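Trainee: I need the structure of the sequence given here:
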Amino acid sequence: MQLGSNPHNLFPGQQENEEVLLITRPHWMVFLGKIIFWMIFVGILFLADWAIANYAPILNTEPHVNWINLLKNIYLMFLILGLLILWVMYYLNLQIITNERVVDVTQTSLLHHTVSELHLSNIEDVTAETKGLLGTFLDYGNVYVQTAAETTRFVFDRVPNPAAVEKLILDLYEALPPDQKGE
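Mentor: Numbering: from 1, shown residues only. Okay, the predicted model is just below:
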């Protein structure tokens with residue numbers, strides 16, 4: 001089957017009769033934490049302007065101001081690039097649950113990703129874990145899918161509503177005909 005031959009495909013490798021039931025990414029709080037860390041570097045830009053104005057006003061005169069502006073523009077470009085990388089990494093890390101399998105797409109860098117899939121019949125155990133104050137109040141945590149295959153454990157890292165994800169996977173497994181279950 002060619003990619004894009006079926007207009008209803010939501011991800012590469014989706015089968016003709018496969019129905020996507022859930023697509024989940026890390027909780028928005030995970031992304032917010034990275035944005036807050038990124039904001040520290042934005043603060044450095046403003047701190048540098050303040051420090052130059054108060055402690056080195058000579059740098060605000062010709063020809064120094066041109067070099068300072070060039071350095072600030074380069075720094076700003078790297079800040080914007082960093083923000084785009086944060087978004088791409090957040091957006092491309094996802095887990096897909098279909099009526100036939102679980103697909104985990106892990107984007108480790110801009111140019112490296114890993115796609116793992118697990119057929120529902122190979123599931124041995126599913127566990128949802130919520131830890132910490134934020135995880136409890138905002139309802140996010142980890143979901144572990146245990147198998148007997150080469151990849152013994154799938155981890156859905158910090159996903160929203162882990163108990164519902166666990167229940168969906170277990171319900172799909174229970175709905176399989178007895179001859180397809182890997183018991």
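
Trainee: quick one, helices of this protein?
Mentor: For the chain, the helices defined by DSSP state H occupy 28-55, 64-92, 132-138, 162-174.

Trainee: So which of these is the most surrounded?
Mentor: Of the helices of the chain, the one with the most neighbours on average (mean count of other Cβ atoms under 10 Å) is helix 162-174, at a mean of 17. Backbone N, C-alpha and C define where each C-beta goes, glycine included.

Trainee: Rounded mean pLDDT for it, please.
Mentor: The average pLDDT within helix 162-174 is 94.

Trainee: chain center to it: distance?
Mentor: Computed by Cα atoms, centre = their mean, to the nearest Å, the chain-centroid distance of helix 162-174 equals 20 Å.

Trainee: And for stretch 28-42?
Mentor: 14 Å.

Trainee: Repeat that for stretch 112-122.
Mentor: 16 Å.

Trainee: Then stretch 144-159?
Mentor: Computed by Cα atoms, centre = their mean, the separation of stretch 144-159 from the middle of its chain amounts to 16 Å.

Trainee: Can you redo the helices of the chain as a markdown table, where the extra columns are distance to Leu21?
Mentor: As requested, those are exported to a markdown table (distance: least, Cβ to Cβ, whole Å):
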| stretch | distance to Leu21 |
| --- | --- |
| helix 28-55 | 21 |
| helix 64-92 | 20 |
| helix 132-138 | 23 |
| helix 162-174 | 7 |
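
Trainee: Which stretch among those approaches Leu118 most closely?
Mentor: Nearest to Leu118 among the helices of the chain is helix 162-174; the distance by Cβ to Cβ comes to 9.6 Å.

Trainee: Packing partners of the closest one?
Mentor: Identification of packing neighbours for helix 162-174 by 3 or more Cβ pairs under 8 Å, 6 or more residues apart in numbering; DSSP states H and E yields strand 20-24, strand 94-98, strand 123-129, strand 140-147, strand 153-160.

Trainee: Could you provide these in CSV, with additional columns for mean neighbour count?
Mentor: Output for the helices and strands packed on helix 162-174, formatted as CSV (neighbours: other Cβ atoms under 10 Å):
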stretch, mean neighbour count
strand 20-24, 16
strand 94-98, 21
strand 123-129, 16
strand 140-147, 20
strand 153-160, 19
